[in-house]
Each structure stands twice: as C-alpha cells, then as structure tokens.
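A.B. asks: Quick check, what structure comes out for this input:
(one chain, ligands or ions: 2)
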Amino acid sequence: MNRNHPQPPVALTIAGSDSGGGAGLQADLHTFAAHGVHGTSVVTAITAQNTRGVTAARAVGADLVRAQLDAVLGDFAVAAVKTGMLGSGELLAVVAEYGRDDRLPNLVVDPVMVATTGDTLFEGDPTAYLRGLGPLATVLTPNLIEAQLLLGRAIASVEEMREAARALATFGPRAVLVKGGHLGGPTAEKAAIDVLWCDGQMLDLAAPRVATRNDHGTGCTLASAIAARIALEHPLTQAIAGAKAYVTEALKAGAAWRLGTGPGPVHHHHGRKSTAL
Ligand SMILES: Nc1ncnc2c1ncn2[C@@H]1O[C@H](COP(=O)(O)OP(=O)(O)OP(=O)(O)O)[C@@H](O)[C@H]1O
Ligand SMILES: Cc1ncc(COP(=O)(O)O)c(N)n1
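C.D. replies: Ligands and ions are numbered 1, 2, ... in the order given. From the prediction side, this is the model:
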C-alpha cells in the first residue's frame, strides 16, 4: 500500500441525477470525494434540472436499479449508504428489500419528496418512507416540509421539531435529524438550527445562518457528508455534527458564486487550497 495514498473507504448513494450538478447524486459524489471517500452510485431517476427548477424527470426501471445495486454491492465493501430521491413507492420497496436483506450498512435516509423549488420528487405515500425505511435507517434526515408530510402535522418551532424527531424515532431509526433550514421566525433568522435525537438523547445543532442564495443541494450534501463520516468510522453523533459544520463551510465558501441564475450549488471542495473545483 502506498502510504501517501491510503485506500479510501467506499460509500454508496442511491439517488436521482440533477443535470445542474448542485443536488442529487452529483452533490453526493462531490461530498464523498471531498471527504476522501470512494463514491459509488445507483441512479434512481434522471431529472432535467438547473438552478431554477426541474423541467422533466423520469424514473429508472426497478430492474435496472436492482442491477446497479447488485453490481455495486457484489463487488465493493460498502461501508455506508445514503438514499436521496427514490421517486416512487416501487423503488422505495426495492431499496427496503435490500435493506431487510442486510445489504445496506449504515443507512442514511434523506426522505427527498419536494425540491426547494417546489417540484415534486416523490410520487407515493409519504408514510411508506417511515414504514419501509424507518426500521432500517441508522439516520433519518427530513427537512421541515418532509417531517410534516411524514407525520401529517404542522411543525413551526424548534420545540415542535424536537417533538417531531422523537415521534419519527419511534419508527425505528437510531438517529433522527430534523433540519431547520426552512424554519422562519426571529431565532431562525440568525441561526440554522437542526434538532438531533440520537440514542435516546436530544441535541440542538445550531450554526450561524449564512447569507447566501446558493443553498441548492444542502440537504443532499448534509446526508452524504454524514454517510462519508460514518464510512470514515466517526462515532455517530460526531459524524452528524461534523457533517453540519461541513455544510456551513460549504455554504460560506460558495456564497459569492453565480453558477446559474437561480439558487446555485455550495462549494463542496472548500477544504482544498485552490479556489477552483
Ligand atoms: N443559510 C444557511 N446557513 C447555514 N446553514 C443552512 C442554511 N440553509 C440551510 N442550512 C443548513 O443546511 C442543512 C440542510 O437544511 P435544509 O433544511 O435546507 O434541508 P433541505 O431542505 O433538505 O435542503 P435543500 O435546501 O437542499 O432541499 C441543515 O443543516 C440546515 O440547517
Ligand atoms: C435529483 C435531486 N435530488 C434531490 C433534490 C433535492 O435538493 P433541493 O431541495 O436542494 O432541490 C433535487 N433537487 N434533485
């Protein structure tokens, strides 16, 4: 083994493609690479998308999703898995089947249902996420809207986020991170507050709110950074807190970029010396 180039751990993202490169599996693979983790990918959907929104989307067939899963899992020692856009109940069921067969270790489930632009990314029953993947997930990372859809009730404060995290944990995940990026109100103006329920303990994860319009793909980036850090054997709470700090730095570093005319991507490779990608 070359000591200057130690072998990276392997992570897998099961997600949709964002042609604009800011969210979805492109954000996940950037994040894995920025962590020094080898990224593998199972494509669930192809979206025609840019910083302004999604103009078309098509699901990949269940047989081809299975073939990709078999190809990756049959060859690589995958240390952690992240799911993003699954698109339909059918693909959700396929992923749950592999999870139940113990083939998806350290599963981080980002229950992607609606893009920040408002476009629908999941056609199906939101509670299927909880029933199908909740018991198999190490970490579940809903944003405010997704937590509301999963639980069927409004969430408008940090206290309600804490209650939601506790309620979601009863479906089986070891940790639930309810993300407050879209929370309103005076406290949320200054701080981006997420709430973490992990191993029976409640923790608020707060970071200064970055003044930027470039927040496309922050949820994908956060979940894949958690998976990358688990693959690097960080303890779970540290992996989640570290991933949040990584997202905050990525938001800061990309704040002045004008990639596309709408909300653009974050700077996944902010840790590098060069300012270019
Ligand atoms: N302006 C900001 N400054 C600092 N942190 C932020 C900002 N916006 C979002 N975050 C953080 O980014 C992460 C993703 O949060 P968010 O609630 O936006 O999830 P999401 O809706 O799934 O992401 P996306 O906007 O990509 O869909 C969270 O840790 C959140 O606190
Ligand atoms: C393929 C794909 N996956 C996930 C998202 C969510 O990201 P965001 O909420 O930032 O639009 C997206 N827009 N596209």
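
A.B. asks: Around ligand 2, which positions in this structure sit nearby?
C.D. replies: 15-18, 23-24, 47, 49, 84-85, 112, 115-116, 121, 216-217, 219-220 (CB under 6 Å from any ligand atom). The C-beta positions use only the backbone N, C-alpha and C, and glycine is treated the same way.

A.B. asks: Buried members of the residues you listed into PyMOL, please.
C.D. replies: Buried subset of the residues of the chain next to ligand 2, written as a PyMOL selection, criterion 16 or more other CB atoms under 10 Å:
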select buried, resi 15+16+17+18+23+24+47+49+84+85+112+115+116+121+216+217+219+220
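
A.B. asks: what ranges do the strands span in this protein?
C.D. replies: For the chain, the strands defined by DSSP state E cover 10-18, 38-50, 53-59, 78-83, 87-88, 107-109, 122-123, 139-140, 175-178, 191-198, 201-208.

A.B. asks: Strand partners (parallel or antiparallel) of the first one?
C.D. replies: Strand pairing for strand 10-18, determined by DSSP bridges: strand 38-50 (parallel), strand 78-83 (parallel).

A.B. asks: tell me the most buried of these?
C.D. replies: Neighbour counts (mean count of other CB atoms under 10 Å) averaged over each of the strands paired with strand 10-18 peak at strand 78-83, with a mean of 27.

A.B. asks: Determine how far it lies from the middle of the whole chain.
C.D. replies: Strand 78-83 sits 11 Å away from the centroid of its parent chain (CA atoms, centre = their mean, to the nearest Å).

A.B. asks: hang on, the earlier thing: and the strands paired with strand 10-18 as TSV, adding mean pLDDT and distance to ligand 1?
C.D. replies: Shown next, in TSV, are the strands paired with strand 10-18 (pLDDT from 0 to 100; distance: least, CB to the nearest ligand atom, whole Å):
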stretch	mean pLDDT	distance to ligand 1
strand 38-50	98	12
strand 78-83	98	13
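
A.B. asks: This structure: helices as residue ranges?
C.D. replies: For the chain, the helices defined by DSSP state H cover 24-34, 62-73, 89-100, 127-133, 144-151, 158-169, 186-190, 218-231, 236-253.

A.B. asks: Now render those helices as TSV, adding mean pLDDT.
C.D. replies: Shown next, in TSV, are these (pLDDT from 0 to 100):
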stretch	mean pLDDT
helix 24-34	98
helix 62-73	98
helix 89-100	97
helix 127-133	93
helix 144-151	96
helix 158-169	98
helix 186-190	83
helix 218-231	98
helix 236-253	98
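
A.B. asks: Show me what from this protein comes close to ligand 1.
C.D. replies: Checking the chain against ligand 1 by CB under 6 Å from any ligand atom, the hits are 23, 116, 143, 179-182, 192, 194, 207, 209-210, 212, 215, 217-220, 222, 244, 247-248, 251.

A.B. asks: With that, I have no additional questions.
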